[in-house]
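Trainee: Predicted structure and sequence below. I'll ask about it afterward.
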Protein chains: 2
Amino acid sequence: MKIEIPREVERFGPIVFHGVQKVYELDSGLRNAKNDKDDNPIMKRIAYDTQHEIQKQMAIVVPIRNEKIKLVEGVLSGIPHHCLIIIVSNSPRFPMDRYKLEKDAIEHMEHFMDRDILIVHQKDPKLGEACAAAGYSHILDKNGVVKDGKAEGMILSKILAYICGKKYIGFIDSDNYFPGAVMEYVHEYGAGFTMSNSDYTMVRISWHSKPKVVESNLFFAKRGRASEHTNRILNRLISSFTGYGTETIKTGNAGEHAMTMDLAMKLDYSSGYSIEPYHYINVLEKFGGIIANPSEDVMNQQVEFFQIESRNPHLHEVKGDQHVKDMSKAAMECIYNSPICPEALKENIMEDLITRKILPKGEKLGNNLNYYPALENFDLRKFKDVLKNQEYAGLFKDKLPEFKETKVSKPLRDTKMAKERVLPEKGKLEMK
Amino acid sequence: MKIEIPREVERFGPIVFHGVQKVYELDSGLRNAKNDKDDNPIMKRIAYDTQHEIQKQMAIVVPIRNEKIKLVEGVLSGIPHHCLIIIVSNSPRFPMDRYKLEKDAIEHMEHFMDRDILIVHQKDPKLGEACAAAGYSHILDKNGVVKDGKAEGMILSKILAYICGKKYIGFIDSDNYFPGAVMEYVHEYGAGFTMSNSDYTMVRISWHSKPKVVESNLFFAKRGRASEHTNRILNRLISSFTGYGTETIKTGNAGEHAMTMDLAMKLDYSSGYSIEPYHYINVLEKFGGIIANPSEDVMNQQVEFFQIESRNPHLHEVKGDQHVKDMSKAAMECIYNSPICPEALKENIMEDLITRKILPKGEKLGNNLNYYPALENFDLRKFKDVLKNQEYAGLFKDKLPEFKETKVSKPLRDTKMAKERVLPEKGKLEMK
């Protein structure tokens, strides 16, 4: 892969938001290939061997729920061989056991592909038991099984990737029609991790375009319908602290994203469609130095966000307007309810939701999201122990990586920058 | 890439038609990667390093004519870095010089991609002069420039790939919306060449599906509209000699195809949309042992056809019904007029064309195609010499590969097999 070096960078305490990077070549060859001009000052070449090294340490999570099997098969064929595939299904088990169908189909593919695929059902009682053993009952319902919801499935997959000893975790939607696009996303995750200097890195995909059927023709729209609004509000949130307008954030709702396990373990998560924008919010809350003090390690290494514009258009199953509205509302809700959200921005959010008829005039935006604490605070070895007799337990690593110690550093908000610029509206903020 | 081993094989004298092969993984890692199970008896793993070796010896040709620049940019980004890109444009040069726009845009990309792209205009008088110098005036019009037409552009690109010293040549349509699909095709070309034992190999892509807009939704059709008919007739042609019904040929109209330069140099070409189906016909004519005697080298090595089913759907610019009819008519014409086409099959062709209203009842199918002789008979060094001062001449190789001697071998039609099975309807055939 050949990718431009980020042209814009937004810094926020120890957080670095890189501007969107354009991909120039999907396949740029091997590290020691001839014709190799690595010294191009504006372009980064990520050789295939480098990608391969990262892929061996990466889990790719594909959440599924009632997707067509043919579609899922295509997605799996696009995931590079050396990634571990983790499938978390939340398809119904009765009246017909759809999960069984999925498992059969995937095991059939696994056989031909000669690779290991970890497939679990989100509501498997054993997984609920394992969460409880680790003390992580937050994502369980009253019956002791993992709640419905994409976010809860994603958190579960993070635990699984961790106990499989992976260093990176990436997410791929299961309804993508183009295996070639899936492969591209995984290579872009690898590109981001290669470019990063930090153990705390997130890579988010900005789709090149989203083809839509308009009057029997295809129209290639630049942004998704919800993203535009989420991005605007996120950028305004950053501006209101830094004092400079910005348009850097373009991936507020990015479903296609990946992160280092080190970062994944440190983040809190929110439920539903808000999980993706909340990554930004939570990093700002935890590491931005506004209301909490980042650990020394995070301060030294920084947290890096990469936003990569895929070359392939994103063609997936058509979703209705209600889906877009739900997505937008959840995104706004998690920003609105953050302790770092200034009052002025809350007004912007309300205006946006009312103008778009997502919220009736006069109604207040509640806080209906669930928030889940970071996994680093729980004993995931106990989670693993409960599953030791499961058929997939062979994929687990004997020795799990240790979490880095979270030392409290000198409070950022006492610094000159914080006093003068970081908190221009501190009177209006609700402090923790 | 991981690909199934062909399950069906159709043999015809020294010609081997492999049945369609399904791709299981787009990216199967490096040659010496761990977890490597190369011994899978039904699956062939083509490691990335193997692909890379082939790509360094491959020219990828992208013929363009008035395509949107953005679309072409996407296509180029999908072509692996180490392939030589050859663009043959036949876009109009006035009233506006579209070719200049294309050249500018492509040189801009070239700069960012750090690679060489050979771009020429089909009607460049210098190229016409070069053809004439080589004695290959067949593709020239009365003004001494190369004729309009995709086939003529393709032949030109073969000469260029040859004088650039390439061993393989592959074609990619310039109107593909998915760079990931383009990359897949190139990897499939590489897979075919890796699986082949012969210097005379062709790889043809069978699209996984072609999405069409049907009532504001996408429908994934299995085959193109023209292909179905072309394939049926081609299969019937083979059956009428072998005596066994077959459905092996599924890529009669495959625009996405690649071949070894050794084969490219030996084939005759026909004009217009018939060029792709004529590859099959001409190989049967020249090497099938029916009406001509293949050289000893071809007899020993065989001619191998691979048909690979891409994983990505094929989403390209929408073309009208007339395009499909023209394509179908041209395909049928080149089969109908072949000296190896049995009378019974000619009747089938007429029925097909009349039923589909491509030919009015009572009208005869003419022979309006142009046929161009194989390039091996011409002195392409003279072609190269004429271009020695052109800006792109730096890409040419000093020493050109020699063509293999074409020794006439023992006539196949004298063999027992030929007498009993190969020519069951020889009374009806017009022999050369």
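Mentor: Right, received. Where do you want to start? Numbering: from 1, shown residues only, chains lettered A, B, ... in the order given.
Trainee: neighbours of A:S198, just the number please.
Mentor: Neighbourhood size, A:S198 [other C-beta atoms under 10 Å in any protein chain shown]: 19. For glycine as for every other residue, the C-beta is placed from the backbone atoms N, C-alpha and C.
Trainee: May I ask which helix or strand encompasses A:A330?
Mentor: Assigned by DSSP states H and E, A:A330 falls within helix A:321-336.
Trainee: chain center to that helix, what's the gap?
Mentor: 17 Å (C-alpha atoms, centre = their mean, to the nearest Å).
Trainee: Summarise which helices and strands that helix is packed against.
Mentor: helix A:227-242, helix A:275-287, helix A:343-355 (3 or more C-beta pairs under 8 Å, 6 or more residues apart in numbering or on different chains; DSSP states H and E).
Trainee: Return the alpha-carbon coordinates of that helix using CSV.
Mentor: C-alpha atoms of helix A:321-336 as CSV (Å, rounded to 0.1, in the frame of the first residue of the first chain):
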residue,chain,number,x,y,z
ASP,A,321,-33.8,6.4,6.9
GLN,A,322,-34.8,5.3,10.4
HIS,A,323,-31.4,3.6,10.8
VAL,A,324,-29.7,6.9,9.9
LYS,A,325,-31.8,8.8,12.4
ASP,A,326,-31.1,6.3,15.2
MET,A,327,-27.4,6.4,14.4
SER,A,328,-27.3,10.2,14.4
LYS,A,329,-29.3,10.5,17.6
ALA,A,330,-27.1,8.0,19.5
ALA,A,331,-24.0,9.9,18.3
MET,A,332,-25.3,13.2,19.4
GLU,A,333,-26.4,11.8,22.7
CYS,A,334,-23.0,10.5,23.7
ILE,A,335,-21.4,13.9,22.8
TYR,A,336,-24.2,15.9,24.6
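Trainee: buried ones in it?
Mentor: For helix A:321-336, burial by neighbour count (16 or more other C-beta atoms under 10 Å in any protein chain shown) applies to A:324-336.
Trainee: and the stretch 251-400 of chain A, which of its residues are near chain B?
Mentor: Contacts of the stretch 251-400 of chain A with chain B, taken as C-beta under 8 Å from any C-beta of the partner chain, map to A:311-313, A:315, A:318.
Trainee: of those, the lowest pLDDT goes to which?
Mentor: In terms of pLDDT, A:V318 ranks lowest among these, with 69.
Trainee: A:G366 and chain B: what is the separation?
Mentor: Distance from A:G366 to chain B, counting by C-beta to the nearest C-beta, to the nearest Å: 35 Å.
Trainee: A:A258 too?
Mentor: Taking C-beta to the nearest C-beta as the measure, A:A258 and chain B are separated by 16 Å.
Trainee: which residues touch the closest residue to A:T50 other than its chain neighbours?
Mentor: In this structure, A:T50 finds its nearest non-sequential neighbour in A:T194, 5.5 Å apart by C-beta to C-beta, 6 or more residues apart in numbering or on different chains. A:T194 sits next to A:44, A:46, A:50-51, A:54 when contact means C-beta atoms under 8 Å, 6 or more residues apart in numbering or on different chains.
Trainee: So which of those wins on neighbours?
Mentor: A:Q51 (28 neighbours).
Trainee: Hmm, it is touching A:M1, no?
Mentor: Yes. Counting by C-beta atoms under 8 Å, A:M1 is a contact partner of A:Q51 at 7.1 Å.
Trainee: Now for these two: what residues contact both?
Mentor: A:187, A:190-191.
Trainee: which one of those residues is nearest chain B?
Mentor: Taking C-beta to the nearest C-beta as the measure, chain B lies nearest A:H187 of the shared contacts of A:Q51 and A:M1, at 8.3 Å.
Trainee: Give the next helix or strand downstream of the helix or strand hosting that closest one.
Mentor: In the assignment (DSSP H and E), A:H187 maps to helix A:179-195. The helix or strand immediately downstream of helix A:179-195 is strand A:200-206, counting by DSSP H and E.
Trainee: does any part of that following strand sit near chain B?
Mentor: No. Judged by C-beta under 8 Å from any C-beta, strand A:200-206 makes no contact with chain B; its nearest approach is 13.0 Å.
Trainee: Need the residues that contact that strand.
Mentor: With C-beta under 8 Å, 6+ apart, strand A:200-206 has contacts from A:20, A:170, A:185, A:188-189, A:191-193, A:250-251, A:254, A:256-260, A:262-263, A:266, A:279, A:283, A:287, A:298, A:301-310.
Trainee: Figure out how far that strand is from the centre of its chain.
Mentor: 7 Å.
Trainee: Show me where chain A has its helices.
Mentor: A:48-55, A:69-77, A:98-113, A:125-133, A:150-163, A:179-195, A:227-242, A:261-266, A:275-287, A:296-301, A:321-336, A:343-355, A:380-386, A:416-417 (DSSP state H).
Trainee: tell me the mean pLDDT over the longest one?
Mentor: Averaging the model's pLDDT scores along helix A:179-195 yields 97.
Trainee: Just list the residues touching whatever residue of chain A ends up closest to chain B, thanks.
Mentor: In chain A, the residue found nearest to chain B is A:G180; the distance is 2.2 Å by C-beta to the nearest C-beta. When the contact criterion is C-beta under 8 Å, 6+ apart, the partners of A:G180 are A:78, A:312, B:26, B:78, B:178-181, B:183-184, B:311-312.
Trainee: Could you point out which of those residues is nearest to B:P14?
Mentor: B:E184 (30.1 Å; C-beta to C-beta).
Trainee: Let me know the distance separating that closest one from B:E351.
Mentor: For B:E184, the distance to B:E351 (C-beta to C-beta, to the nearest Å) stands at 37 Å.
Trainee: More neighbours: these two, which one.
Mentor: Set B:E184 next to B:E351 and count neighbours by other C-beta under 10 Å: B:E184 wins out with 30 against 10.
Trainee: which intervals of the stretch 301-432 of chain A have sub-threshold pLDDT?
Mentor: For the stretch 301-432 of chain A, the stretches flagged by pLDDT under 70 are A:318, A:404-432.
Trainee: isn't A:L395 right next to A:K166, touching?
Mentor: No. Look at A:L395 against A:K166 with C-beta under 8 Å: they stay out of range, at 10.0 Å.
Trainee: shared neighbours of the two, anything?
Mentor: If you check A:L395 and A:K166 against C-beta under 8 Å, 6+ apart, the residues they both contact are A:L84.
Trainee: Bridged to A:I3, which residues?
Mentor: Note on A:I3: beta-bridge partners by DSSP bridges are A:V23, A:K44.
Trainee: Pull the number of nearby residues for it.
Mentor: Neighbour count for A:I3, taken as other C-beta under 10 Å: 24.
Trainee: okay but it is in contact with A:L26, surely?
Mentor: No. A:I3 is not in contact with A:L26 according to C-beta under 8 Å; the separation is 10.1 Å.
Trainee: on that earlier part again, can you tell me which of the residues of the stretch 251-400 of chain A next to chain B are buried?
Mentor: A:311-313, A:315.
Trainee: Just the closest of those residues to A:D116, please.
Mentor: Nearest to A:D116 among these, with distances taken as C-beta to C-beta, is A:N312, at 26.7 Å.
Trainee: got a list of what the residue lying closest to the closest one once chain neighbours are set aside touches?
Mentor: Nearest residue to A:N312 in three dimensions, chain neighbours excluded: A:A181, at 3.8 Å (C-beta to C-beta, 6+ apart). By C-beta under 8 Å, 6+ apart, A:A181 lies in contact with A:78, A:310, A:312-315, B:178, B:180.
Trainee: Can you pick out the most distant pair from the residues you listed?
Mentor: Among these, A:G78 and A:P313 lie farthest apart (C-beta to C-beta), at 14.6 Å.
Trainee: returning to that earlier point: could you dump the contacts of A:T194 to a markdown table with pLDDT?
Mentor: Shown next, in a markdown table, are the contacts of A:T194 (pLDDT from 0 to 100):
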| residue | pLDDT |
| --- | --- |
| A:K44 | 91 |
| A:I46 | 94 |
| A:T50 | 95 |
| A:Q51 | 96 |
| A:I54 | 97 |
